[in-house]
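Visitor: mind looking at a prediction? Sequence and model below.
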Amino acid sequence: MRPRLGVAYYPEQWPRERWETDGRLMAEAGLSVVRIGEFAWAELELAAGTFDFGWLDEAIDVLATCNLAIILGTPTAAPPAWLIEAHPEILPVRGDGRVHPFGHRRHYCPNQPAMLDATRRVVSALGDRYGGDRRIFAWQIDNELMGRCVCAVCGERFHSWLRERYGTINALNESWGTAFWSQRYDDFAQIPLPELDPVPFPGGFMAHAPNPSLALDFRRFTSDSHIDFLRLQADELRTRITVDQGITHNLMGFRFPEIDYHRLAAEIDVVSWDNYPSLDRSARWTSAALAADAMRGLKDAPAWIVEQQVGPLGWEILRTQRRGQMRLHTYQAFAHGTELVGYFRWRTARFGTEQHWYGVLDAHGGVGRRYRELSELARELSDVGDALDNARPIAPAALLHDYDSRFALQVQPTNPSLGYEETMQRHYEALFASLCDGPYDGVREMLAATRTAGSCQSQKRR
Amino acid sequence: MRPRLGVAYYPEQWPRERWETDGRLMAEAGLSVVRIGEFAWAELELAAGTFDFGWLDEAIDVLATCNLAIILGTPTAAPPAWLIEAHPEILPVRGDGRVHPFGHRRHYCPNQPAMLDATRRVVSALGDRYGGDRRIFAWQIDNELMGRCVCAVCGERFHSWLRERYGTINALNESWGTAFWSQRYDDFAQIPLPELDPVPFPGGFMAHAPNPSLALDFRRFTSDSHIDFLRLQADELRTRITVDQGITHNLMGFRFPEIDYHRLAAEIDVVSWDNYPSLDRSARWTSAALAADAMRGLKDAPAWIVEQQVGPLGWEILRTQRRGQMRLHTYQAFAHGTELVGYFRWRTARFGTEQHWYGVLDAHGGVGRRYRELSELARELSDVGDALDNARPIAPAALLHDYDSRFALQVQPTNPSLGYEETMQRHYEALFASLCDGPYDGVREMLAATRTAGSCQSQKRR
Amino acid sequence: MRPRLGVAYYPEQWPRERWETDGRLMAEAGLSVVRIGEFAWAELELAAGTFDFGWLDEAIDVLATCNLAIILGTPTAAPPAWLIEAHPEILPVRGDGRVHPFGHRRHYCPNQPAMLDATRRVVSALGDRYGGDRRIFAWQIDNELMGRCVCAVCGERFHSWLRERYGTINALNESWGTAFWSQRYDDFAQIPLPELDPVPFPGGFMAHAPNPSLALDFRRFTSDSHIDFLRLQADELRTRITVDQGITHNLMGFRFPEIDYHRLAAEIDVVSWDNYPSLDRSARWTSAALAADAMRGLKDAPAWIVEQQVGPLGWEILRTQRRGQMRLHTYQAFAHGTELVGYFRWRTARFGTEQHWYGVLDAHGGVGRRYRELSELARELSDVGDALDNARPIAPAALLHDYDSRFALQVQPTNPSLGYEETMQRHYEALFASLCDGPYDGVREMLAATRTAGSCQSQKRR
C-alpha cells in the first residue's frame, strides 16, 4: 500500500453548513482518510437506548463524497452525563481515593457492570448501522485506553483474578513472600488494593508501601481490565461487520507504561498510535523512531498513526513546531514502517479542554501556514509514492521488550538511571548509530535520511 | 484630608489594666486611628444570641479618650466554636474534598444558611449598639474575603446561578461547547463543581480537568458569593447607621486573583487594603505601587491601608524589614493616593498562629526601635502635612484591568511568562519608567521621590 | 563488657533445612548475638488465641546451639490480616484523612482497644513461654515506634489527655491563647485534632493551620500514646520474666523527631537504636556520632545498635557502601560508647518491600565480600577486645536537648536555617572540633581515631 494521509474531524463541533467546505479543503490538501466519532456518545445516544444517527449519516455522506475513507470511533472514552447520573458508580476511584468526576474524559471504570451494559448497547447499535458500510474502512475502539481504578468492583474483580492465577491462598502466600512483615492471607477477600503512588509513611517518610508482588499483580490486572474492555467491543463489532473493515485502537507509543500492548495488539487487526513529539519535553529525535518501531513490532506489521501533532499543543501551550517539522515527523513515520498518518486535528477547537490544541486550520477556519505545509507534503509524497509502495523497513537488529518487567520495575524503581524506558532507548540509539556507521546526531541526519524517503537501514542496503 | 496614621489593636487579647497604657502610647506616637474587633466574635457573642458588649464599650471609651478614631470590624471571619458545633455544615469543603476544620480562620462557607443567619444576628446587634456612636467613624466588614468552597450548598447555589445566567440548559451547552468530549447536559442539576487544582489524570498525568467554561463560571460564582456575603452585612449596617460612618472592607491588593474587586468595591464606601511588602518574596518595589494605584482606581478615590507591615512576618518568619523601610512604604502609600495608613499590629501576640508576626511593640510590651521609628515618622508627616492636604496623584496613563480575563487565564494559563499579573506589572513598570524620564531603579529613586512627598508624576509637574 | 557483634535474622522467611547453615556461618564469622521474631506475628498466632510456637522453639534451639545469644522481638509492628479483618478500626488514620491500609507495616493505632487487647494476648503468650529461657538475653518491644494517627479514638483520648493536663476548659483557653481568632472552647469535646501538615489555605495559600498550642499538645499526646503502648508490653513481660533478661526497643537515633525519647528510655532497661548512615543523603560523618552520643545519653549508659547498615539500602537503592565503611561505622559506634552492634540483615530477602535492602549474604545465600569483611572485622575486634573492655567515653562537654522544644519548633519552624536538629548538630561539630584541637574533617580523621579504638576524647586523655 502507498502511504496515506488523513485527519481527525469532529463534525458535531461545527455548524452543519460548514461540513462541505471542510471536506473539500481536506480533499484539496491531498488527504484521503478522516477519523470521526470517537467522542460523540452524547450526540449519538440522547438517552438510554434513544439513538440519533441522522447527523452521523449525513457527515459520512459529505466526507465520502469528497473521497475520504472513514475511520469510525466507538465513543466509549466519554460516557454522557445522563449515564453517569443514572450510574454514578461508573466514575473511577483514583489512587488518592477520590472519585474522578464527570467533566473531563475517561471517567469510567472498565469493570463496572453498568458501563459494560451501556458500552454493549452503543457499540452494537453502531455495528448494526455501519458494519456493512463500505465507506467505513476501519473502526477505532475507544480512545487511548489508560488509567487505574481502585473502586470496590475492581477490588472484587482483582480477588477473582488472583484466585484464577494462584488457585489457593497458600500458593499466593508462597509466591508473594507474605512471610515478610506478617502479611500472610487466610482468604483472597482479605487482600487490599495497593496504594498506587508513593505514600507518606506515618510520620512523614515517603514510601512505596505495598508488597511488590501485590503491586505487580495489580498492574497486570489493570492491564487485563482494559484489554477485556476492548475485547468486549471488538466482539460486538465482529459479529456485525459484513464488509472489509478492520478494527484498531489508538495506543500511546513506547513510553506509555500501563498496558501490556503485546497482549492488547492480539485483539485488534491493526495497531494505531498517537504521536505528539513535543508533548514530552525530555523527548529526543529517537523517541518517535523508537515508538514507531515498537508499535510496528507489536504485530510485526505496518502500523498507523491516527493522531500526529500538527501544531502547538494544549492543555498548556508547549513548544510550537518549527516550519518543516510536520514534514520531518511524517517522513520519519513512513521510514519506520507506518502506513497511514492522520493529523490531529482538522480545526482548532473553539471551546473545551483542548481549545489551545492547534489543528491544521486555526479556530477561525481559514487556511494558513499549517494547511499549506500539509498540502505541499501531500504533493511531494504522491511524487515519491512508488518508492514507498509496500516498502518495509529492514531490521538487522532487534530489542526484546517485556511489559511484565516494566511493571515490576515501576513498583520499586531502584535507581532512576536504570529506568526501563531510558535503558531501552539508550540501547536503541546505540544500535541505530552503529548500523548507520556513525553517531545519530539528530535533525541533520534525519532530514538527510528522510530526503531519500527510506529508513536508515533500507537506505544503506539499496 | 491630611494623611492619617493608625494601628490594629486587639484589646480582648490583653489584660484590661493594660489598655490605658496602650492607648496613651498610641497617642504619644502620633497615631489618630485604631481598628478593633474584627476577630472577636467569641468574646462578643458567648452563645447564640447571648451578647457581651461590656468589654467592647470599655475599650472604645479608653481608646476614644486618647483621641483615637475607631474603625470597628464585624467579626465574621472567625465563627466561634459553639456555632460550628451546632452547625458543622458551615465549615467549607476545600478543593481537595476535605473539610477545612475549626481552629484556623475563614472556616465558613459564605453560602451556608446557618452562617448567614448567625452573621445577620451578630452584625445587626453590633449595628444596633454602635450605629449611632460618633466615636466609630468606619466599619470594616469581615477580614480579607477569600477562599473557594465546594460543599453541597455551593453546588445547588451554583446551579441556580447558572440557570439565571443562561436561562436554558441548551444555551449553556452552546456557550460552553459541551459538544467537546460528550459533555452535553440535559439538566442544570447534572453539572459538577469543577476540580480546583491540577489533578492527576488517571495514570499519573497532570491535567487541568474541567471544561474551561465550567471552571470560569465557577470562579465568577465564587466571587459573587463573597460579594453577596459582604452585601448582606452592608445592608444590615446601613439600616442601623444614624451618624457619619463609612463602610469598608480590607482587600488584598492587586495580586489577589479570586474576587472581582471592581464589583466588590461598588458595595462599600471606601476601599481599604492590606500591604505586606515582604510577604511575597517575588515582590518588587513596583508591586506595592501597582497595588496602591489599582486599589485607588477601584473607586477612583483615595483608599486606606488598614494593615501595613511593621516588622518581620509569621507564620514563617520571612525577611525582617530594614531600618527606614516602614517610613519608605508609608510615603509610597501616600504618594500613590492613600489617605490613611494603619499598621499591623500594635503589639506582637503572645500566642496563636500569628505569634511570630511582629507588631509595633514587641511581645514584652515595652517601646523599642519600631515604636521610635513610627513616632519619628508621625512627627515628620505632621510637618509636611499641608503639602499633602487633599493631594491627589496625577495619572497621565491608565491600564485597563479586567477580572473576567484574569479568571479565564487561571483556568488554562498557557505559558507562565504570559501570566496576567506579571504582564500587567511589566507594562506598569514600563509606563512608570518612561513617565519619569528614566528607568525605575528601585530603592534609591523611590527614596528620592518620597522625600518630596509626592508621586513621580506630581513631582515632575510641579 | 567487651563489644559484641550480632545480626537480625528471620527464620520464618527461609526453609527449615537452611537454619543450621545460617547459624554455623554466623558463628564462624564471629557473631555472638542474633535478633529474631519482631515481625512474625502471623506465623506465631494463626488466628485469635491460636498459637504456633513450634518453629520458634526450633529456631531458638538451632541458633543457641551455635552459641548465639538471642534478642527476641515482640511482633506488634505488623498485626496479621485476620486481626485487621476482625477489627479494621485498628488501621491508623493518616494526616491526610485516609486510612493507612494493610499491606505495609506499622498499620495500627496505638490507642485502639482491639489492638491493645491483641497486643496483651500475644505478648503475654510470648512472655509465658520464653520469660524463663536463659538463651533469650533480651526482649525488643515492637520495632521503630513512630507515626501519628487522627482516628476518632485518638480524638477522644486526646480530649481526656487535655482534661488531665489543664483541669478546666478555661485554663486551656488561657494557656492556648484562644482569644486569638475567636478560638475559645466551651468544652474539651469541641477541640479538633490539628491538621498535621501544611495545608492549602482556602484559595491556594499554604498555611500551618492550627493554634500552635493545640499542635504542640497533640505532638506530646502522640508521643505519650507510643510510650503508653510500649509500657503496656513492658508490664506484661516484666511479670513473666524470671531469669536475667533485659527489655529494650530500637529507637531511630537523634534525627527522629516524633517521640520524647527521654521519657521512652525511662520505660526500658537498655536503649537500642538503628543506624543507617546512607539513608539520609544529607547525613555527615558527625550524624552517626551525634546519634550514638544522644542515644547513650538517654540513660547515661552504653547503648546497643540492633540494626547497623551492611549494604545498599532499599526501598529505593541508595548509595552502596564503600569497602571498609562497615568497619568504620562499627568502630565509630564502639568509640561513642556502644556495647553491641547488630547488623541488618543476615541475608537479602527474596521478596517483600525490602527485597532491595541488602544483607550480609546476598539473596543466593553464598558468602561474598560483605561476609568476608564482617569476619575480618570480628577477628580484629577480638584482638583489641581487652582495650575496649568496659571502656566508657569521656565527655568533657554536654549539649542539653529537649523534645518539648523540638516539638514546638516543628509547629512554626520559622527560618529553616534555625532548625532544631541542624542547630544541635552544628554545635556538636564545633565542640567536637575544638576538643580535638582541629577541624573534624571526616573520613581520614575518623579512621585515625577508630584505629586506636577509642573516641576522640579518650584518645587524647590516654
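Guide: Perfect, I can see it now.
Visitor: tell me the SS of A:Thr76?
Guide: coil (DSSP: H, G, I helix; E, B strand; the rest coil).
Visitor: next, count neighbours for it.
Guide: Counted with other Cβ atoms under 10 Å in any protein chain shown, the neighbours of A:Thr76 add up to 26. Yep, even glycine has a C-beta here, placed from its N, CA and C like the rest.
Visitor: next, the contact list for it, please.
Guide: Residues touching A:Thr76, when contacts are defined by Cβ atoms under 8 Å, 6 or more residues apart in numbering or on different chains, comprise A:41, A:108, A:119, A:122-123, A:141-142, A:233.
Visitor: try it again at 7 Å.
Guide: With contacts defined as Cβ atoms under 7 Å, 6 or more residues apart in numbering or on different chains, the neighbours of A:Thr76 are A:41, A:119, A:142.
Visitor: how far away is it from B:Trp346?
Guide: 64 Å (Cβ to Cβ, to the nearest Å).
Visitor: go on, A:Ile84?
Guide: A:Ile84 is 55 Å from B:Trp346, where distance means Cβ to Cβ.
Visitor: looking at these two, which one has more neighbours?
Guide: Ranked by neighbour count (other Cβ under 10 Å), A:Ile84 and B:Trp346 place B:Trp346 first, with 26 against 21.
Visitor: roughly how far does that one sit from chain A?
Guide: Spatial separation of B:Trp346 from chain A under the definition Cβ to the nearest Cβ, to the nearest Å is 37 Å.
Visitor: what's near enough to touch that residue?
Guide: B:Trp346 sits in contact with B:7-9, B:22, B:359-361, where contact means Cβ under 7 Å, 6+ apart.
Visitor: tell me which element A:Glu28 falls in.
Guide: Under the criterion DSSP states H and E, the helix or strand holding A:Glu28 is helix A:19-29.
Visitor: which SSE is immediately downstream of that helix?
Guide: Along the chain past helix A:19-29, the next helix or strand (assigned with DSSP H and E) turns out to be strand A:33-36.
Visitor: pretty sure A:Ser272 is in a strand, no?
Guide: Yes - with three-state DSSP as the criterion, A:Ser272 is assigned to a strand.
Visitor: neighbours of the residue lying closest to A:Tyr343 once chain neighbours are set aside, how many?
Guide: For A:Tyr343, ignoring the flanking residues on the chain, the nearest one in space by Cβ to Cβ, 6 or more residues apart in numbering or on different chains is A:Val310 at 4.4 Å. A:Val310: 29 surrounding residues under other Cβ under 10 Å.
Visitor: pLDDT of the helix or strand harbouring A:Asp404, averaged?
Guide: Counting by DSSP H and E, the element that carries A:Asp404 is helix A:403-411. Across helix A:403-411, the average pLDDT comes to 91.
Visitor: tell me where chain A has strands.
Guide: Secondary structure of chain A (DSSP state E): strands located at A:4-8, A:33-36, A:45-47, A:50-51, A:69-73, A:136-140, A:199-200, A:206-207, A:246-251, A:270-275, A:303-309, A:338-344.
Visitor: could you dump those to a markdown table with mean neighbour count and mean pLDDT?
Guide: Putting the strands of chain A into a markdown table (neighbours: other Cβ atoms under 10 Å in any protein chain shown; pLDDT from 0 to 100) gives the following:
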| stretch | mean neighbour count | mean pLDDT |
| --- | --- | --- |
| strand A:4-8 | 24 | 97 |
| strand A:33-36 | 25 | 98 |
| strand A:45-47 | 16 | 98 |
| strand A:50-51 | 12 | 98 |
| strand A:69-73 | 24 | 98 |
| strand A:136-140 | 23 | 98 |
| strand A:199-200 | 20 | 46 |
| strand A:206-207 | 14 | 47 |
| strand A:246-251 | 23 | 98 |
| strand A:270-275 | 23 | 98 |
| strand A:303-309 | 26 | 97 |
| strand A:338-344 | 25 | 97 |
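Visitor: any chance of these in JSON lines, plus distance to C:Ser272?
Guide: Converted to JSON lines, the strands of chain A look like this (distance: least, Cβ to Cβ, whole Å):
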{"stretch": "strand A:4-8", "distance to C:Ser272": "64"}
{"stretch": "strand A:33-36", "distance to C:Ser272": "66"}
{"stretch": "strand A:45-47", "distance to C:Ser272": "66"}
{"stretch": "strand A:50-51", "distance to C:Ser272": "71"}
{"stretch": "strand A:69-73", "distance to C:Ser272": "63"}
{"stretch": "strand A:136-140", "distance to C:Ser272": "62"}
{"stretch": "strand A:199-200", "distance to C:Ser272": "26"}
{"stretch": "strand A:206-207", "distance to C:Ser272": "22"}
{"stretch": "strand A:246-251", "distance to C:Ser272": "53"}
{"stretch": "strand A:270-275", "distance to C:Ser272": "56"}
{"stretch": "strand A:303-309", "distance to C:Ser272": "59"}
{"stretch": "strand A:338-344", "distance to C:Ser272": "61"}
